[in-house]
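**Student:** Kindly generate the corresponding structure for this input.
(3 chains)
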Amino acid sequence: MKMKKNWLLLLVVLMAVALVFTACASTEKEDDTEVTTPENPVIRLSTTTSVNDSGLLAYLQPYFEEATGYTLEITSNGTGAAVALGETGDADCLLVHAKATEEEFINGGYGVDRIPFMYNYFVIVGPESDPAGVADATSAADAFKAIADSASTEFVSRGDDSGTNKAEMNIWTSINVNPSGQSWYISSGSGMGATLNQASERLAYCLTDKATFLASAANLDLKILLASSEDIKNTYSLIAVNPEAWPDTNIDGANAFIEWMTSDEASDLIAEYGVEEYGEQLFFVMDQQ
Amino acid sequence: MKYFVDALQLLLGNNGELRSIVAVTLQMSFFSTLISMLIGMPLGVLIGSRKFVGKRYLVRVIHTLMGLPPVVAGLIVFLLLSRSGPLGEFQLLFSVPAMVIAQVVLITPIMMGLTASVTSVRAKSLLETSRGIGIPRRKEIGLLLYEGRIQLIAVMMTGFGRAISEVGAVQIVGGNVQFKTRVMTTAIMLETNKGNFEFAVALGIILLLISLIINSLAQRLQEEKDD
Amino acid sequence: MTEPYKNADDILIELRSLQRLFHRRKVLDIDQLALMRGHRYALVGANGSGKSTLLKLLAGVIKPTGGEIVYHGLDGEYDRAYLPQKPYRFSFSVRQNVIMAIPDKAMDKQQRRQQAEEALRRLGIEALADAKGNKLSGGEGQRLALARLLAMPHRLLLLDEPTSATDIAGNELFEEALKNYLAQNQSTLIFATHTLSQAVRLADTVIFLDDGKAVEQGPPEQVLYHPQSDGGKAFLRFWQG
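**Tutor:** Numbering: from 1, shown residues only, chains lettered A, B, ... in the order given. This is a model prediction of the structure:
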């Protein structure tokens, strides 16, 4: 009995301390913003490295935080690990781009709904000499066939189960090629930047997202050979982590983030992103159904 | 606990990728340690047993290099071996030899520094004695190495431990290529990033087991020699 | 030995303006000294007087800072043998420790082994032939180190406090073996010692060193019991308590 009482007391003290801290935090916030701070102001967003590396989130974050009063905590990992954070209740919201994995996540009861909100295209890059003739292909599937048939060229894959890697594997499957273990197929098990480096060193082909490629293109001996084919469309989705699976996740925050990301304000910001730096739009907002 | 059960099943099963990773890791660590020993130990003996001008500065440089951050070594070797680098024509980047080169850059100063301090303890007395009875000078390095062998086994283990557990440099110069340059540490990074924790845990277990086995062997060796 | 310069042909080693610095301090400074063939010299003096430094210079283990040492008829690789104050014992067998001091040019393996065992016998440690050199006690180890020198005929023996670690029995055995060795090989002996009685027993000439200088030289009775120099007198007072 005595033990139990001590525990209760400790709990009460801890809660009181926590309250004081949150109270302080909110009064501070109220001084410089008119937006009232939500009850649980921190949203844990789990995303993939390629999204994070593109710089889009860092660009949107201050607009979102100012508009809603929430604070965004972004962690970036490979798609597998990014989704796993949702499965273990260590994230409130996911921003990923791997349809099959996302659907699996929702079917497993971990996510509320999959909300596709923007897209762009993967591009196939390779050496300027283009020995396999990828530039002449009309689709990514054609290009991959040409690479597989050409004996002398290598293809560097991320091989890390990332969204990019999954998109690539889908194309191989669609043309009935199993590249794994082939001498021309290099599975780098690395992030996009390191994989591009390796492709550049080897003068090999590579499937990449446009933003990462453009960001490091100056240091690479690679060129975009195929862009914007329908079979390499890259769709980004938002998923709120299901509060039924993890009751202490911040579902209100997740919903607020999703709502803002699909708002007109965010759409305009996304459309503008990258235009100034690279002279072209990097992400396209989906037409709202 | 679930991860451990799955990991054990993987270990007992017949997983080709797992075997390839372990084989590449052992190969890389073995050659890195061997080459670093062949360079570092004789030089370490010379440094530890001789007096010469600038020795203090040389020792300071070696001690600095002993703490060289692995990613820096990896970066330097990457730039050297890159197609646009001075050694690009050999096309060594993203190969096991490239990883061994980076490891040798990292481990040789460690072997050298530790060997020098191990040697300096007995060098004066040993050299006075061996010169006093007319033992040819060319035999001195061998004698110093032989007499320090118990400590040098520990030095070797330190080098091997560094080689097998290094991740930054081998990721940069090896490129973590499946079946070719993927080693246990880079594979653990990758599998963790994929959310594939069973595989990562299985690799972690193997890594620990290898360390345990090798350290036990080294200890046996030391105890036998000590009799 | 009142007049050591009787016959210039008998000079084995000449020291000329020999200097050795250690951290800018003169630890040895001998203007002129001749050491004669076939004699037995004891180097005596306080700690830090330069005895060990002189022996190391004569052995060639260290180089002089200034001046020179001229050797006469000591050109062979094994003509000089030197025993440091703290001799190293290798972790081989005791027998192998001695065999390694015998060059393999002149003799076959079997002969080297026999010669090594003979040397161990002379110092009374033949029973330890198969033990590891680094596992011996201090006294046994010192005898091993001496056996290593006595296993080969050398023209000049340089010993730095050879019996500092041996027990009395080992000491007697060693002095006996050394005397036989010197008589047999007509070798010259130069040794440093702290035991004045040993100097009297083994040496025919005592060189008294004081602060790096050779201040007195002569027969043991004269230098040790009737010193002329101030340093020698002080040293004697110290010894007599």
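
**Student:** can you pull the contacts of the closest residue to chain C within the stretch 151-289 of chain A?
**Tutor:** Going by Cβ to the nearest Cβ, chain C is nearest to A:Gly189 of the stretch 151-289 of chain A, at 47.5 Å. From N, CA and C alone the C-beta is placed, and that goes for glycine too. Shown in contact with A:Gly189 (Cβ atoms under 8 Å, 6 or more residues apart in numbering or on different chains): A:Arg158, A:Gly159, A:Asp160, B:Asn176, B:Val177, B:Gln178, B:Arg182, B:Thr186, B:Ala187, B:Leu190.

**Student:** just checking, what's the longest helix in chain C?
**Tutor:** helix C:168-185 (DSSP state H).

**Student:** Name the secondary structure element that contains residue 198.
**Tutor:** Just so you know, I chose chain A. helix A:192-202 (DSSP states H and E).

**Student:** The intended chain is chain B.
**Tutor:** Here B:Glu198 is assigned to helix B:197-226, by DSSP H and E.

**Student:** Outside of the lowest-mean-pLDDT helix or strand in chain B itself, list whatever touches it.
**Tutor:** Each helix and strand of chain B was given a mean pLDDT (mean pLDDT, DSSP states H and E); the minimum falls on helix B:2-12 at a mean of 77. Here helix B:2-12 makes contact (Cβ under 8 Å, 6+ apart) with B:Leu18, B:Phe197, B:Glu198, B:Phe199, B:Val201, B:Ala202, B:Gly204, B:Ile205, B:Ile206.

**Student:** From B:Leu8, how far off is the fifth one?
**Tutor:** Plainly put, B:Val201 is 9 Å away from B:Leu8 if you go by Cβ to Cβ, to the nearest Å.

**Student:** more neighbours, those two?
**Tutor:** B:Val201 (22 against 14; other Cβ atoms under 10 Å in any protein chain shown).

**Student:** Distance check, that one against chain A.
**Tutor:** Applying Cβ to the nearest Cβ, to the nearest Å, the value for B:Val201 to chain A is 14 Å.

**Student:** list the contacts for that residue?
**Tutor:** Counting by Cβ under 8 Å, 6+ apart, the residues that B:Val201 touches are B:Tyr3, B:Phe4, B:Asp6, B:Ala7.

**Student:** which of the residues you listed lies closest to chain A?
**Tutor:** B:Tyr3 (12.1 Å).

**Student:** tell me the centre residue of chain C?
**Tutor:** For chain C, the residue nearest the mean C-alpha position is C:Leu159 (2.0 Å; Cα atoms, centre = their mean).

**Student:** State the three-state secondary structure for the closest residue to it other than its chain neighbours.
**Tutor:** Once flanking residues are discounted, C:Leu159 sits nearest to C:Phe191: 3.9 Å by Cβ to Cβ, 6 or more residues apart in numbering or on different chains. At C:Phe191 the chain is in strand, as set by DSSP: H, G, I helix; E, B strand; the rest coil.

**Student:** Please apply the same query to C:Ile30.
**Tutor:** Under three-state DSSP, C:Ile30 comes out as strand.

**Student:** Give me the neighbour count for it.
**Tutor:** For C:Ile30, using other Cβ under 10 Å, the count is 22.

**Student:** One more: the one 4 residues further on?
**Tutor:** Counted with other Cβ under 10 Å, the neighbours of C:Ala34 add up to 17.

**Student:** any low-confidence regions in the stretch 151-289 of chain A?
**Tutor:** Applying pLDDT under 70 to the stretch 151-289 of chain A flags the ranges A:288-289.

**Student:** Let me see the ranges of the helices in it.
**Tutor:** Using DSSP state H, counting those that start in this stretch, the helices found in the stretch 151-289 of chain A span residues A:163-174, A:192-202, A:210-216, A:251-261, A:264-272, A:275-278.

**Student:** And for chain B?
**Tutor:** Under DSSP H, chain B gives helices at B:2-12, B:16-49, B:55-66, B:70-81, B:96-132, B:140-147, B:149-165, B:168-174, B:184-194, B:197-226.

**Student:** The fourth one close to chain A?
**Tutor:** No: applying Cβ under 8 Å from any Cβ of the partner chain, one finds helix B:70-81 out of contact with chain A, separated by at least 8.7 Å.

**Student:** and if you look at the second one?
**Tutor:** No: judged by Cβ under 8 Å from any Cβ, helix B:16-49 makes no contact with chain A; its nearest approach is 8.9 Å.

**Student:** tell me which residues of that helix are tucked away?
**Tutor:** For helix B:16-49, the neighbour count (16 or more other Cβ atoms under 10 Å in any protein chain shown) marks B:17-18, B:20-22, B:24-26, B:28-29, B:31-37, B:39-49 as buried.

**Student:** Same question for the first one.
**Tutor:** By neighbour count, with 16+ other Cβ under 10 Å as the criterion, the buried positions of helix B:2-12 are B:Ala7, B:Leu10.

**Student:** relative to helix B:197-226, how tilted is it?
**Tutor:** Interaxial angle of helix B:2-12 relative to helix B:197-226 (axes from the mean of the first three to the mean of the last three Cα atoms, to 10 degrees): 70 degrees.

**Student:** Just name the most buried of the helices of the stretch 151-289 of chain A.
**Tutor:** helix A:192-202 (a mean of 24; mean count of other Cβ atoms under 10 Å in any protein chain shown).

**Student:** Report the strand of chain A that spans the greatest number of residues.
**Tutor:** strand A:111-126 (DSSP state E).

**Student:** Is it positioned near chain B?
**Tutor:** No: Strand A:111-126 is not in contact with chain B by Cβ under 8 Å from any Cβ; minimum separation 14.9 Å.

**Student:** Packing partners of the next helix or strand after that strand?
**Tutor:** With elements assigned by DSSP H and E, the helix or strand that comes after strand A:111-126 is helix A:140-149. With contacts taken as 3 or more Cβ pairs under 8 Å, 6 or more residues apart in numbering or on different chains; DSSP states H and E, helix A:140-149 sits against strand A:111-126, helix A:163-174, strand A:223-227.

**Student:** pLDDT (mean, whole number) over helix A:140-149?
**Tutor:** Averaged across helix A:140-149, pLDDT comes to 94.

**Student:** what does stretch B:210-225 give?
**Tutor:** For stretch B:210-225, the per-residue pLDDT averages 83.

**Student:** Tell me who's in contact with A:Ala151.
**Tutor:** So A:Ala151 contacts A:Trp184 (Cβ under 8 Å, 6+ apart).

**Student:** Now it: phi and psi?
**Tutor:** Dihedral pair for A:Ala151: phi -70, psi -30, per degrees, to the nearest 10.

**Student:** ok, now A:Leu72?
**Tutor:** phi -100, psi 130.

**Student:** Turn the helices and strands packed on helix A:140-149 into a markdown table, including distance to A:Leu85.
**Tutor:** Below are these laid out as a markdown table (distance: least, Cβ to Cβ, whole Å):
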| stretch | distance to A:Leu85 |
| --- | --- |
| strand A:111-126 | 12 |
| helix A:163-174 | 15 |
| strand A:223-227 | 32 |
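
**Student:** Quick check: which of the ones you listed is nearest to B:Val155?
**Tutor:** helix A:163-174 (41.7 Å; Cβ to Cβ).

**Student:** Whatever residue of chain B ends up closest to chain C: what's it in contact with?
**Tutor:** Residue of chain B nearest chain C, by Cβ to the nearest Cβ: B:Gly132 (3.4 Å). Counting by Cβ under 8 Å, 6+ apart, B:Gly132 makes contact with C:Ala59, C:Val61, C:Ala81, C:Tyr82, C:Leu83, C:Pro84, C:Pro87, C:Leu149, C:Leu158.

**Student:** which non-adjacent residue is nearest it?
**Tutor:** C:Tyr82 (3.4 Å).

**Student:** Distance-wise, check the one you found relative to A:Ala256.
**Tutor:** 88 Å.

**Student:** which among the contacts of helix B:2-12 gets closest to C:Pro153?
**Tutor:** Distances from C:Pro153 to those, taken by Cβ to Cβ, are shortest for B:Ile206, at 61.4 Å.

**Student:** got a list of what that closest one touches?
**Tutor:** So B:Ile206 contacts B:Leu11, B:Leu18, B:Val22, B:Met184 (Cβ under 8 Å, 6+ apart).
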